[in-house]
Structures are given as structure tokens and as C-alpha cells.
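*Asks:* Would you be able to build a 3D model of this:
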Amino acid sequence: MTGETDLQRLLASMKPELLPGVHVFATLPPGTSLPGNLKPVMSFREREGLTLIVTEDEAKSGGLAGTFRCRMITLNIHSSLAAVGFLAAITTRLAAAGMGVNPVSAFYHDHLFVPADRAEEALAILRQLAADSGD
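*Replies:* Numbers count the residues shown, from 1 in each chain. Have a look, this model is predicted:
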């Protein structure tokens, strides 16, 4: 399997990057077609419907009610899908600050969706975690 698995190396080298734009979570009922103008950054099919993460503007233009205004932070290290404890360490640190986070793991990177109004704070916490892990 490709990607880094060493927890200490993952934390010390994650290089969190706050991406531009505000995202929201939205859902479509089962069997509903995706509006043509949407380009979700993530979609996930559940029994109850299709969950989408889209920009706030796309949700509005597509007539979707979005929830959880958030910003996306990408952890710029190629983490293995089999890595153990990486997201647990990160979410624990954000939880200690009273911050909810919705993580999404993709093939190359992990992405965090944090409250839009606390994104800079989340970024600072993650940078500090990386610095602490490099010692």
C-alpha cells in the first residue's frame, strides 16, 4: 500500500493548508439526480440519500439547503489508507479546543472540514501539533 504509515512522521510533516471558499454539506434523497451545475468535492451514498460537500454558492444555485458552513483544510502528506491514529490524534486536538471536525480521507490526502468561523484557529492548532510532533 502506498503512503506514509508512521504516525510521528505523518503528524510532523502534514503541512495543513486552508483552501479558499466556504463549503456546506447537503443531501439528495435516494434516486434524485445530481443537479448539473454541481461539482461536489465529495459525495457519499447512504441509505437515506446522497451526501454532498459543495461550495456554499453551488448549493444555493442548485437549490440545495446546505448545513455546517465550513472551510476545507488539506493535510499535505500522502497518508496511507492503512495509517493508524493519524486522524484520531488530529480530531482529539481539535476536540480539546471545543471544535467539531468532519474528516474525509481520499487516496493521497486527508481533508478536514472545520467550522468556517474557526478555520484560522484550526489551522494554527494543526500547525502547532505538527511542530510539537517534530520535536
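
*Asks:* List the buried residues of whichever helix in the chain runs longest.
*Replies:* Assignment by DSSP state H gives helix 119-133 as the longest helix of the chain. In terms of neighbour count (16 or more other C-beta atoms under 10 Å), helix 119-133 has its buried residues at 119, 122-123, 125-126, 129-130, 133. Every C-beta, even on glycine, is put in place using the N, C-alpha and C of the backbone.

*Asks:* does the most centrally placed residue in the chain sit in a helix, a strand or a coil?
*Replies:* Against the mean C-alpha coordinate of the chain, by C-alpha atoms, centre = their mean, the closest residue is Leu112 at 2.4 Å. Put simply, Leu112 is strand when judged by DSSP: H, G, I helix; E, B strand; the rest coil.

*Asks:* Correct me if wrong: it contacts Leu75.
*Replies:* Yes: contact criterion C-beta atoms under 8 Å: Leu112 and Leu75 qualify, at 7.1 Å.
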